[in-house]
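Trainee: Provide a 3D model corresponding to the input given below.
(one chain, ligands or ions: 1)
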Amino acid sequence: MKKNELKELINEMTLEEKIGQLVQVTPDFFDQEGEITGPAAEWRLSEEKLFQIGSVLGTHTAEQVYMIQKTYLEKSRLSIPLLFMADVIHGYETIFPIPLALASSFSAELTEEVARLSALEATRAGVHVTFSPMADHVMDSRWGRVLESNGEDPTLSAELTKGYVRGYQGTDLAQDTERLAACVKHFVGYGAVQGGRDYNHVDLSPIELHQNYLPAFQAALDEGVKLVMTSFNPINGQLMSLNRSLIKETLRQEMGFDGVVISDWNALEELLAHRVVRDKYQAAAEAFEAGTDIDMMSDCYINHLADFSGLDSQALDEAVYRLLTLKNELGLFENPFRGITANAASIEHSLRKATKEAAMKSFVLLKNEDSILPVSQKQRLFLLGPKADSKDILGAWSWIGKTANAISLAEGLSHRVPDLTIGKAASWAELSAEEYLSLCEEARNSEVVVLALGESSEETGEAASKAILSLPESQIELVKRISAVNPNLVVVLFNGRPLELTAIEPYVKGILEAWFPGSEGGHAIAETLTGYYDPQGKLPMSFPRAVGQLPFSYQAYSTGRPLTEKNQTEKYVSKYMDVGNDPLYPFGYGLSYSNVCIEAISQSAEVLTREKPLTIQASVKNPSTREGVATVQLYIEDMVTELVRPVRELKSWQKLNVTGETTERCTFTLTADDLAYVHRDLKRYPDFGQFRFFIGLDSRTTLAGQFEFCES
Ligand code: GLC
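Mentor: The predicted model follows:
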């Protein structure tokens, strides 16, 4: 449709039809199955209102979409096609590693490819929009939704977010019916929920908000994201669903967003529970006035907005126009059954190959004492633990992915290790005396014992906060008892968040962080454990020594009484009495079998100016005989700043393939813009003065140089 035709269509619409376009419900309103991702609705719609709504979320199959769309077009007066949205977070039916795992790859190319393939599968099921990427800044793994995030660094998160948007949307949504419109979420600050408890209060300073929480959203906007979802939380005391300042001034005016703003599930009605509105009428009025276009799964707009005496008809037309424009960009007026008429050629094989490769790029080798890994395929292996033969390896938000056809670690290893014994997967407490003794015997007679531990999918994602991050006692007990029988112990972790591994670390020689690796997880882990693939992942989020350290980020501040090598025993220092300040495993950390290392660094000058960027080089050595991948990271430290700044900030990284017994050079270019930070006036710009830079394979690197940023 042409723009003027859209405007003519709006002129034909009644007030109720305009408001209806701004309402989104689940498929059960049309008596179809679907995904329920929030509190069930206690309200229903008359047939007249139902055939005025604008979009549906949570369908599972092409048949459902076809039935709902066909019925709707027949029964609605103007036959404006419905928009179908879904949480395609890390795959649709073929499930990829969770976003936090993909973030371990430090690769925007990977997030782009995973998004593209997810869209390929989801569009065939009639989905038009995905509620992804999640761009929340996170520092607290008590919050289960870190699973969906890109981790604790705003720069890394911004780059990975752009990759997702590129992969989902492509360049022409009307022509390329195998792409999805993306909805970046949750705008803004949801990752800062107090106590890591989901849906809890948030309070952020404007500086912190602009410095760390908005950049990934700006990145999504710069990449052309079509929708923004507001978050459940308040900012500066105002719930995001009715935060006019952050939606109309910051998001639309300052950040330049002209697409659709959608609330989160039932967030408008929940304004009553927050006690910031008297009734649904006020909720509808204030949310609409603040700039929330679509009301997801509440009946505030559909039953109360028409009564709002102050309803600005122009604003209403503009909101409807934004939604109809999105439908038009997707080509729905010409092709309301977009995607589901696509060829039925199976793509499963290529997607399963891709998810296995994505998983191998996301594993993080946390410990490898005595080079116990990789194991040889000739060694006698004993595999046990609650996740050993578990197919529960898809993680939260795995949509219609079937655990039944996920490849367990037991299946994966049995394909690659002839002499493999698989023990009972029970936790320690459930074992009988005989079972315990035979388990110990088996462990004693094996060359390497692999323990598969971690979380269940149910323990991760939304509404899955934890105050205790150590593994369950039964799993810790298993580690201790098996290590007493055979010290050649490797743990493979299946988890959706950084856990507290302090209790098991001393008892094991190897730890492979596998996250929730997706449909081909077992094969991917087996190929990594047996050395076919060298683990290359780097932690996108620190693993704490203790949950009491949270919220935690490597971007720590010096404080007025910094802990140093010299004052460890002094009292009046910023430290804990019971654990160190540092994490067990830091941001950017991850080992490899090839043991690549940074041999030397050099810089092009001592001075950096706007006209003359600084070139920094590092030589990366691979001492082994196998191919290795190094993720070389560049951090800076601004020595004297107007506002307090962290002592270290990631500015750039490069993934380098280094063949065995060779040395490669990598070159970084630091510009004045890289030195910028948010000042009192909320503007982002650099201060002149002294800086240090650090190059390394994790955020603790001490390989440093220094330079001065001058006017000329
Ligand atoms: C949920 C989540 C959001 C999701 C939406 C639709 O409550 O907060 O991330 O996209 O509802 O399922």
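
Trainee: only C-alpha atoms from now on, for both contacts and neighbour counts.
Mentor: OK.

Trainee: domain map for this structure?
Mentor: Segmentation of the chain into domains, based on automatic domain parsing, reads 349-549, 597-709.

Trainee: for stretch 157-175, output the C-alpha coordinates as PDB.
Mentor: Provided in PDB are the C-alpha atoms of stretch 157-175 (Å, rounded to 0.1, in the frame of the first residue of the first chain):
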ATOM      1  CA  SER A 157      26.100  -5.800  24.200                       C
ATOM      2  CA  ALA A 158      25.600  -3.000  21.700                       C
ATOM      3  CA  GLU A 159      27.600  -4.800  19.000                       C
ATOM      4  CA  LEU A 160      25.800  -8.200  19.500                       C
ATOM      5  CA  THR A 161      22.400  -6.400  19.600                       C
ATOM      6  CA  LYS A 162      23.200  -4.900  16.200                       C
ATOM      7  CA  GLY A 163      24.000  -8.400  14.900                       C
ATOM      8  CA  TYR A 164      20.600  -9.700  16.000                       C
ATOM      9  CA  VAL A 165      18.700  -6.800  14.400                       C
ATOM     10  CA  ARG A 166      20.600  -7.300  11.100                       C
ATOM     11  CA  GLY A 167      20.000 -11.000  11.100                       C
ATOM     12  CA  TYR A 168      16.300 -10.800  12.000                       C
ATOM     13  CA  GLN A 169      15.400  -7.900   9.700                       C
ATOM     14  CA  GLY A 170      17.700  -8.200   6.700                       C
ATOM     15  CA  THR A 171      17.300  -5.200   4.300                       C
ATOM     16  CA  ASP A 172      13.800  -5.500   2.900                       C
ATOM     17  CA  LEU A 173      11.100  -7.000   5.000                       C
ATOM     18  CA  ALA A 174       8.500  -6.700   2.200                       C
ATOM     19  CA  GLN A 175      10.500  -8.600  -0.400                       C
END
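
Trainee: what helix or strand is the residue lying closest to E223 once chain neighbours are set aside on?
Mentor: Nearest non-adjacent residue to E223, counting by Cα to Cα, 6 or more residues apart in numbering: K162, 5.9 Å away. Following DSSP states H and E, one finds K162 within helix 154-169.

Trainee: which element follows that helix toward the C-terminus?
Mentor: Following helix 154-169 in sequence, per DSSP H and E, is strand 181-187.

Trainee: separation between A404 and S519?
Mentor: 9 Å (Cα to Cα, to the nearest Å).

Trainee: who's in contact with D28?
Mentor: Listed by Cα atoms under 8 Å, 6 or more residues apart in numbering, the contact set of D28 reads G34.

Trainee: so where's the stretch 601-712 of the chain uncertain?
Mentor: Within the stretch 601-712 of the chain, no range satisfies pLDDT under 70.

Trainee: could you do the stretch 201-350 of the chain as well?
Mentor: Looking at the stretch 201-350 of the chain by pLDDT under 70, you get 341-344.

Trainee: name the SS class of the residue of the stretch 301-450 of the chain found nearest the ligand, please.
Mentor: Residue nearest to the ligand within the stretch 301-450 of the chain: W397 (9.0 Å; Cα to the nearest ligand atom). Following DSSP: H, G, I helix; E, B strand; the rest coil, we place W397 in the coil state.

Trainee: for the residue lying closest to it once chain neighbours are set aside, pull up the helix or strand it's in.
Mentor: In this structure, W397 finds its nearest non-sequential neighbour in I89, 6.3 Å apart by Cα to Cα, 6+ apart. Using DSSP H and E, I89 is not contained in any helix or strand.

Trainee: now the helix holding K162: average pLDDT?
Mentor: The pLDDT scores in helix 154-169 average 98.

Trainee: correct me, but the residue of the stretch 301-450 of the chain closest to the ligand touches D87?
Mentor: Yes: taking Cα atoms under 8 Å as the definition, W397 is a contact partner of D87 at 7.1 Å.

Trainee: what sits in contact with each of the two?
Mentor: If you check W397 and D87 against Cα under 8 Å, 6+ apart, no residue is contacted by both.

Trainee: so G91 bridges to which residues?
Mentor: Counting by DSSP bridges, G91 is bridged to I95.

Trainee: now the helices for the stretch 101-250 of the chain?
Mentor: With helices called from DSSP state H, counting those that start in this stretch, the stretch 101-250 of the chain shows them at 108-123, 154-169, 206-208, 215-222, 244.

Trainee: tabulate the ones you listed (CSV), appending mean neighbour count.
Mentor: Formatted as CSV, these follow (neighbours: other Cα atoms under 10 Å):
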stretch, mean neighbour count
helix 108-123, 24
helix 154-169, 26
helix 206-208, 15
helix 215-222, 23
helix 244, 20
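
Trainee: let me see the contact set for the residue nearest to the spatial centre of the chain.
Mentor: In the chain, the centroid-proximal residue (Cα atoms, centre = their mean) is S149; its distance is 2.3 Å. S149 is in contact with 99-100, 134-138, 157, counting by Cα under 8 Å, 6+ apart.

Trainee: out of those residues, which end up buried?
Mentor: 99-100, 134-138, 157 (16 or more other Cα atoms under 10 Å).

Trainee: with distance to L332 as added columns, please give those residues in CSV.
Mentor: Below are these laid out as CSV (distance: Cα to Cα, whole Å):
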residue, distance to L332
P99, 29
L100, 33
M134, 26
A135, 28
D136, 30
H137, 34
V138, 36
S157, 32
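
Trainee: just the closest of these to F29, please.
Mentor: Using Cα to Cα, M134 comes nearest to F29 of the buried ones among the contacts of S149, at 26.9 Å.

Trainee: was I right to think I476 contacts L501?
Mentor: No: if you go by Cα under 8 Å, I476 and L501 don't touch, sitting 9.4 Å apart.

Trainee: hang on, the earlier thing: what would the domains of the chain look like in a markdown table with distance to G237 and mean neighbour count?
Mentor: Listed next are those as a markdown table, based on distance: least, Cα to Cα, whole Å; neighbours: other Cα atoms under 10 Å:
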| stretch | distance to G237 | mean neighbour count |
| --- | --- | --- |
| domain 349-549 | 22 | 21 |
| domain 597-709 | 19 | 18 |
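
Trainee: can you add distance to A287 and give these back as TSV?
Mentor: Compiled in TSV, the domains of the chain are given as follows (distance: least, Cα to Cα, whole Å):
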stretch	distance to A287
domain 349-549	24
domain 597-709	26
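
Trainee: counting neighbours, what do you get for W43?
Mentor: 9 (other Cα atoms under 10 Å).

Trainee: give me every residue that touches it.
Mentor: Contacts of W43 (Cα under 8 Å, 6+ apart): D299.

Trainee: again, but for S132
Mentor: S132 neighbours (Cα under 8 Å, 6+ apart): 87-89, 164, 182-185.

Trainee: in space, what's closest to G54 - neighbours in sequence excluded?
Mentor: Q21 (3.7 Å).

Trainee: repeat that for D176.
Mentor: G170 (7.6 Å).

Trainee: wait, isn't the one you found in contact with R179?
Mentor: Yes: counting by Cα under 8 Å, G170 touches R179, with 6.3 Å between them.

Trainee: picking that back up, and the residue nearest to D176, what does it touch?
Mentor: 116, 176, 179.

Trainee: and F217, how far from the ligand?
Mentor: Distance, F217 to the ligand, by Cα to the nearest ligand atom, to the nearest Å: 15 Å.
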